[in-house]
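Asks: fold the stuff below for me.
(one chain, ligands or ions: 1)
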Amino acid sequence: MVLPIVAYGSPILKKEAEEIDESYEGLNQLIEDMFETMYEASGVGLAAPQIDKSVRLFIVDASPFAEVEEGEEPDPMAKGLENFKKVFINPIIEEETGEEWAFAEGCLSIPKIREEVMRKPKIKISYYDQQWKFHEEEYDGYAARIIQHEYDHIEGILFTDHLSPLKRTILKKKLANISKGEVDAPYRMKFPNLSKKR
Ligand code: NI
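Replies: Okay, here's the model as predicted:
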């Protein structure tokens, strides 16, 4: 089932999400719904708070990054992403290393805005998968970037929180409009400050 995506300005997006355990009810259905919702919105990552569940769970499918147009060189940053589809439960980013780099991020909760965000290129993350198997893995390139963005969501952080005060001031009006539902998103959303006028 495709779920509505919670828009910028919703308190749940600013909240630190809670860990879950194996007794969490409806986990498989929730994960299935999240993938369906993410694909419907053409996203490469989705965190549970974005569908109004304040739990430490996010999904990624970065395979669109690995698609190579005819006549184009494969992007070295997208190496190994052909099958990069994963579920992260109770993840912990153990380590972030390297020289920060800029990448224009977007977010399904903040439609039509993309801004460059600085982050370190390499991460070490531990997490449980959908079968509750524990993993500790290292990522770099786009994979690390997507994970860092989604991980922020379960910590109550949005990519706009990483921008300079000046950039945020410039975006203020647009962001307020998004929270009021005054944005043309190509998928279903839930707006915190929906304006009464129609
Ligand atoms: Ni996001």
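Asks: isn't Tyr24 up against Val55?
Replies: Yes - the criterion here is C-beta atoms under 8 Å, and Tyr24 meets it with Val55 at 7.3 Å. All C-beta atoms are positioned from the backbone trio N, CA, C, and that covers glycine.
Asks: okay, and Pro111 sits in which element?
Replies: Per DSSP states H and E, Pro111 falls inside strand 110-119.
Asks: picking that back up, quick one: which of Tyr24 and Val55 has more around it?
Replies: Neighbours per residue, other C-beta atoms under 10 Å: of Tyr24 and Val55, the larger number sits with Val55, 18 against 14.
Asks: pLDDT wise, what is the more buried one at?
Replies: With respect to pLDDT, Val55 scores 98.
Asks: identify the bridge partners of it.
Replies: The residues listed as beta-bridge partners of Val55 by DSSP bridges are Glu18.
Asks: that one reaches Ala47, doesn't it?
Replies: No - counting by C-beta under 8 Å, Val55 sits too far from Ala47 to count as a contact (9.3 Å).
Asks: what do those two both touch?
Replies: Between them, Val55 and Ala47 have Ala17, Ile154 as joint contacts when contacts are counted by C-beta atoms under 8 Å, 6 or more residues apart in numbering.
Asks: and the nearest residue to Leu46 once chain neighbours are set aside, what does it touch?
Replies: Using C-beta to C-beta, 6 or more residues apart in numbering and skipping residues adjacent in sequence, the residue nearest Leu46 is Met38, 4.1 Å away. When contacts are counted by C-beta under 8 Å, 6+ apart, Met38 touches Val44, Gly45, Leu46, Ile59, Asp61, Leu108.
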